[in-house]
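J.: Take this sequence and fold it.
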Amino acid sequence: MNERLKSVVYPLLLLAVLLALWVAAVRYWGVPNYVLPPLDSVIAALKRGYIDGAYWKDFGFTLSSMMLGYIGGVRWPS
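T.: As a prediction, the model looks like this:
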């Protein structure tokens, strides 16, 4: 397997394994929702937030806060 293919396949396999462990932990091992919410609930919340637009109204405020914090934290040359 060439290096380019490995750099794509291995991360995708790792993602699949982690998602499978997430589902198994919630469904079969009984991890409580407040510790690890179900994957379908997380995907639904992300859809509501990004696709339906619930998060975009706060995006400008968050971006300006990040920029002001960065500017305030940068050490300027003397």
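
J.: for the lengthiest helix in the chain, which positions count as buried?
T.: Using DSSP state H, we find that the single longest helix of the chain is helix 3-27. Across helix 3-27, burial judged by 16 or more other C-beta atoms under 10 Å covers 22, 26. To be clear about C-beta, it is placed using only N, CA and C from the backbone, and glycine gets the same treatment.

J.: Name the residues that touch it?
T.: 1, 31, 33, 36-39 (C-beta atoms under 8 Å, 6 or more residues apart in numbering).

J.: For these, which two are the farthest from each other?
T.: Met1 and Asn33 (39.5 Å; C-beta to C-beta).

J.: Any stretches of this structure with poor pLDDT?
T.: For the chain, the stretches flagged by pLDDT under 70 are 78.

J.: how near is Asp3 to Leu14?
T.: Careful, residue 3 is Glu and not Asp. Distance of Glu3 to Leu14, given as C-beta to C-beta, to the nearest Å: 17 Å.

J.: Out of the contacts of helix 3-27, which end up buried?
T.: So, by 16+ other C-beta under 10 Å, none of those is buried.

J.: of all these, which comes closest to Tyr70?
T.: Nearest to Tyr70 among the contacts of helix 3-27: Pro37, at 31.2 Å, using C-beta to C-beta.

J.: Skipping adjacent residues, who's closest to that closest one in space?
T.: Sequence neighbours aside, Val26 is the residue nearest to Pro37 in space, at 7.6 Å (criterion: C-beta to C-beta, 6 or more residues apart in numbering).

J.: on that earlier part again, C-terminal to the longest helix of the chain, what's the next element?
T.: Sequence-wise, the next helix or strand downstream of helix 3-27 (DSSP states H and E) is helix 39-46.

J.: what about that following helix, distance to the chain center?
T.: Its chain's C-alpha centre and that of helix 39-46 lie 11 Å apart, by C-alpha atoms, centre = their mean, to the nearest Å.

J.: residues making contact with that helix?
T.: With contact meaning C-beta under 8 Å, 6+ apart, helix 39-46 is reached by 19, 22-23, 26, 33.
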